[in-house]
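K.L.:
heads up, no residue letters with this:
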């Protein structure tokens, strides 16, 4: 940029020279402001950062804890070898179906909607458990409070198979024979046994 030596003011001619010098300075300043490329400014002086000049390649820290900030909404690719504590993670935001992990209650959940879901609880009265909620109502759990797996239902529970069901156990224990019910003919095993017993007694009495 040119330097300007203003002459001594001795009349109108000196005033005209001042006006010409100011005009030239104004034009050159306007050109500088229009053509200054801040993206090529590689040095940072003091606390001044030029917007858009700090790229990922210019950041080198040992840990992200060196950066203290609310990072806000982050869109990332692959995150690897990271420990995350006290967080909420979901496969979908504000919509269903989704799976989620929440520090609130320390649960993992699979949600068809807000009222129909399965949750894994780490501590159900001292036992990890899987709980089932249907239409907003808790329907049952699987837990091991007695030292073995227990399937606990607050309503009916179904067991369905398109093939055979094989049971290999020492004993199947029921409170009584009336707990075994056949939908056809609509009688319990207790009903059948009592009828057989009555017939045997009738034959013996005859």
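P.N.:
Done, it's in. Quick caveat, the model's predicted, so the values are computed rather than measured. Numbering: from 1, shown residues only.
K.L.:
pull the distance from the top helix by length along the chain to the chain's centre.
P.N.:
The residue-count maximum for a helix in the chain (DSSP state H) belongs to helix 12-35. Remark: helix 12-35 is offset 62 Å from the chain centroid, using C-alpha atoms, centre = their mean, to the nearest Å.
K.L.:
state the mean pLDDT of that helix.
P.N.:
What helix 12-35 shows for mean pLDDT is 77.
K.L.:
elements contacting it?
P.N.:
Contacting helix 12-35 under the criterion 3 or more C-beta pairs under 8 Å, 6 or more residues apart in numbering; DSSP states H and E is no other helix or strand. Bear in mind the C-beta positions are built from the backbone N, C-alpha and C, glycine included.
K.L.:
next one: residue 62 relative to residue 123, how far apart?
P.N.:
37 Å (C-beta to C-beta, to the nearest Å).
K.L.:
looking at those two, which is more packed in?
P.N.:
residue 123 (10 against 6; other C-beta atoms under 10 Å).
K.L.:
figure out how far the stretch of helix or strand the more buried one belongs to is from the centre of its chain.
P.N.:
For residue 123, the host element (DSSP states H and E) is strand 116-124. Centroid displacement of strand 116-124 relative to its chain, using C-alpha atoms, centre = their mean, is 15 Å.
K.L.:
what pairs with it, parallel or antiparallel?
P.N.:
strand 107-113 (antiparallel), strand 127-134 (antiparallel) (DSSP bridges).
K.L.:
pLDDT of the shortest one, averaged?
P.N.:
To tie it back to what came earlier, the one meant is strand 107-113. Here the average pLDDT along strand 107-113 is 93.
K.L.:
contacts for that strand, please.
P.N.:
96-102, 117-122 (C-beta atoms under 8 Å, 6 or more residues apart in numbering).
K.L.:
could you do the last one as well?
P.N.:
With contacts defined as C-beta under 8 Å, 6+ apart, strand 127-134 is touched by 115-122, 124, 138-145.
K.L.:
same question for it: list its buried residues.
P.N.:
Within strand 127-134, the residues that count as buried by 16 or more other C-beta atoms under 10 Å are 127, 129, 131, 132, 133.
K.L.:
make CSV from those and add pLDDT to it.
P.N.:
CSV is the format used below for the buried residues of strand 127-134 (pLDDT from 0 to 100):
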residue, pLDDT
127, 90
129, 95
131, 94
132, 94
133, 95
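K.L.:
can you flag the buried ones in the contacts of strand 107-113?
P.N.:
Buried, going by 16+ other C-beta under 10 Å: 98, 100, 117, 118, 119, 120, 121, out of the contacts of strand 107-113.
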